[in-house]
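Visitor: Predicted model follows, preceded by the sequence.
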Amino acid sequence: MSAIAKTTWKLDATTAFVLSMALAIVFACMRATGTLGPPNLRFLLPLGFVVMALSPWALLTREGRCEIGLKKSVRPAVYLHSGLAGAAAALACFLVGLALFGTGADNWFVTIATSFGRTVNTGLPVWQLYLMFTVTSMIFSPFGEEIFFRGMLQRALEERFSVRTSTWLECLAFGFVHLCHHGVVLGASGLMLLPRSAPIWFVLMVLVAHLFAWLRKRSESLYPAIAAHAAFNFVMGTCIFLALWPASSEL
């Protein structure tokens, strides 16, 4: 085992790699159940984000947590630039979905809005629903996903592959799990894939993941990527409630 691996993981590198891959599968199952499963299991989605965020403290040493980017960036301006980049990415996803699919069921933001509407009391004022959606989405998934995907999973993959290959693999995994939010639907005959929009949404999520990975690498910190992810979700929520909420309520 290399000296770097010894200072990174609390366990030996092979065991840490296997556990990281196993956690990725567990988190994917929790997300799928929390989004596509019965209402009484929806809690698994935010719980998965919480466990994602805490996982480095279970497997990584203090030096390892710093190595994956759990440290402040030395360039404060990067947070503003990252937030703007995340906001622009969300706006691009919104405009692409609107241009290709209008406000129909193949629009990914409409699907996300519809899923949210099925888990809350939609009789509440719209501003309350907006705050519930945006505030929670700006906290849970940015911290959980960036710490796990861009941090721990990336580092675990680098034990076996090059940095470039590891980045592609974690970004593809990010895109894959986001098919639970749009692309994979639960019908009478079981799970089905939306043939028109699922591949496009998958590609968009892989590209967004690459943006977050680039911000993490450029700043040598996870926090700019978290800021970009939070900004993405803020703009997504704003677009949903300003332009798509009535349409999603009809589906």
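Guide: Here it is on my side, so go on. Residues are numbered from 1 along each chain as shown.
Visitor: For stretch 226-246, list every residue counted as buried.
Guide: 226-241, 244-245 (16 or more other Cβ atoms under 10 Å). The C-beta positions use only the backbone N, C-alpha and C, and glycine is treated the same way.
Visitor: Can you list which of those are found in helices?
Guide: Judged by DSSP state H, helices contain the following of those: 226-239, 245.
Visitor: Quick check: Ala105 is in a strand.
Guide: No: per DSSP: H, G, I helix; E, B strand; the rest coil, Ala105 lies outside any strand segment and is coil.
Visitor: Pull the number of nearby residues for it.
Guide: By other Cβ atoms under 10 Å, 16 other residues sit near Ala105.
Visitor: what sits against the residue lying closest to Phe212 once chain neighbours are set aside?
Guide: What sits nearest to Phe212 in space, not counting adjacent residues and going by Cβ to Cβ, 6 or more residues apart in numbering, is Ala225, at 4.3 Å. Taking Cβ atoms under 8 Å, 6 or more residues apart in numbering, we find Ala225 in contact with Gly69, Ser82, Glu146, Arg150, Phe212, Ala213, Leu215, Arg216, Ser219.
Visitor: all helices of the chain, in order?
Guide: Counting by DSSP H, the helices of the chain are 3-8, 13-36, 44-59, 62-67, 77-101, 108-117, 126-145, 154-157, 163-177, 198-219, 223-239, 245-249.
Visitor: buried sites along the fourth one?
Guide: Of all the residues in helix 62-67, those buried under the rule 16+ other Cβ under 10 Å are Gly64, Arg65, Glu67.
Visitor: Which one of those residues is nearest to Thr114?
Guide: Arg65 (37.5 Å; Cβ to Cβ).
Visitor: so the closest one touches Ser55, yeah?
Guide: No: with contacts counted by Cβ atoms under 8 Å, Arg65 stays clear of Ser55, the gap being 10.5 Å.
Visitor: Give me the below-cutoff pLDDT ranges for the stretch 101-250 of the chain.
Guide: Within the stretch 101-250 of the chain, the stretches with pLDDT under 70 are 247-250.
Visitor: and with 80 instead?
Guide: 121-122, 186-190, 246-250 (pLDDT under 80).
Visitor: how many other residues sit next to Met21?
Guide: 15.
Visitor: Then Gly123?
Guide: 6.
Visitor: Just the closest of the ones in helices among the buried residues of stretch 226-246 to Phe94, please.
Guide: Cys239 (4.3 Å).
Visitor: I'd like to know how far the closest one sits from Phe161.
Guide: 36 Å (Cβ to Cβ, to the nearest Å).
Visitor: likewise Pro195?
Guide: 31 Å.
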